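Novice: sequence and predicted structure are below.
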Amino acid sequence: MKIGILGTGMVGSAIGNKLVSLGHEVKMGSRTANNEKAVAWAQGAGAKASQGTFSDEASFGELVFVCTQGAGTLDALHAAGAQNLKGKILLDLSNPLDFSKGMPPTLFAGNTDSLGERIQAAFPDTRVVKTLNTVAADIMVNPGKVNGGDHDMFVSGNDTAAKATVSEFLKTQFGWKNVHDLGDITTARGTESYLPLWLRLWGTLKTPMFNVKIVR
Ligand SMILES: NC(=O)c1ccc[n+]([C@@H]2O[C@H](COP(=O)([O-])OP(=O)(O)OC[C@H]3O[C@@H](n4cnc5c(N)ncnc54)[C@H](OP(=O)(O)O)[C@@H]3O)[C@@H](O)[C@H]2O)c1
C-alpha cells in the first residue's frame, strides 16, 4: 500500500520503518518540505521511503497515520488538507498532552471531549480511527516484545468498516492479537484519559515497555 505518516518523531519513525520493512511505500510528512529528521529518515529507510510536506504526505497515502504532537495535530491536518484526506482512513495515534505547565503533562481534552472527536468534527469526510495511542512507539509495531504479545489494543471511531480494516491491519501487519472495538469516536475519551496513568506507570516501572491486558 501507499501509506502516509504525519510526524517526524519517534512514533512516525517507528511506524515508517516497520511499514517499509513490510514492503509498503511510505511518505513521511512535516511542516516543511525538507525537514532534517524526515530527510534523514527517508535516506536511511530505503527506496520505498520518501518525505515531503503534510500535504504531500496526505495526497500520497491511501492510509494516513497521524503521529504529531497533540497540540499541533489539528494544524497539521489542516495543512494536510481536507480534500487530500477525503474518504480516507486516518489512524490517530496522537495524545492531547499539554506540556505548557511542565511535567507531568496534563490533558487539554478529556472527560466530555477528546482529540479524536475534534479531528472527526473538523474532518467529517475522513474516517478517523483512534488507536495505538496507549503504548510506546516500539510496542505499537512490535507487540511481541511485551508478554509474548498477549496484551490489548483498542480502536475508536464512527465508521465500523474503517475500524474493522484498522483492526485487521494491526493484526496482520504489526502482530497484534487482541484488538477491542470500543465504539464510536467518543470512546477515544477513555484511551486518551488513560495517559495520566500511563505516564505514572512509566515513572514507577522505569520503562515504557509495558501495556494493559484485559482479563475477565
Ligand atoms: N512517543 C511515544 O512513544 C508515543 C506513544 C503513544 C502516543 N504518542 C503520541 O504520538 C504523537 C507523536 O509523538 P512523538 O514522540 O513521535 O513526536 P512529537 O515530538 O510529539 O511530535 C512530532 C511531530 O509533531 C509535529 N508538530 C509539533 N508541533 C506542531 C504544530 N504546532 N503544528 C503542526 N505540527 C506540529 C512536528 O512537526 P515537524 O516535523 O514539522 O517538526 C513533528 O512532525 C504524540 O501526540 C504523542 O503523544 C507517542
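Specialist: Ah, there it is. Residues are numbered from 1 along each chain as shown.

Novice: distance of the most centrally placed residue in the chain from N147?
Specialist: Centroid-nearest residue in the chain: L93, 2.2 Å away (criterion: CA atoms, centre = their mean). Applying CB to CB, to the nearest Å, the value for L93 to N147 is 21 Å. From N, CA and C alone the C-beta is placed, and that goes for glycine too.

Novice: still on that earlier bit, please report how far the residue lying closest to the residue nearest to the centre of the chain once chain neighbours are set aside lies from the ligand.
Specialist: For L93, ignoring the flanking residues on the chain, the nearest one in space by CB to CB, 6 or more residues apart in numbering is L132 at 4.7 Å. Distance from L132 to the ligand, counting by CB to the nearest ligand atom, to the nearest Å: 7 Å.

Novice: count the residues that sit near L132.
Specialist: The burial count assigned to L132 is 27, neighbours taken as other CB atoms under 10 Å.

Novice: can I take it that K163 is in a helix?
Specialist: Yes: K163 sits within a helix when classified using DSSP: H, G, I helix; E, B strand; the rest coil.

Novice: in contact with it, which residues?
Specialist: By CB atoms under 8 Å, 6 or more residues apart in numbering, K163 lies in contact with 129, 155-157, 181.

Novice: quick check: pLDDT value at it.
Specialist: Note for K163: predicted pLDDT of 98.

Novice: pretty sure V155 contacts V166?
Specialist: Yes: V155 lies in contact with V166 (CB atoms under 8 Å); the separation is 5.5 Å.

Novice: shared neighbours of the two, anything?
Specialist: Taking CB under 8 Å, 6+ apart as the contact criterion, the common neighbours of V155 and V166 are 129, 131.

Novice: quick revisit: closest one of the contacts of K163 to T32?
Specialist: Closest to T32 out of the contacts of K163 is V129 (27.4 Å), distances taken as CB to CB.
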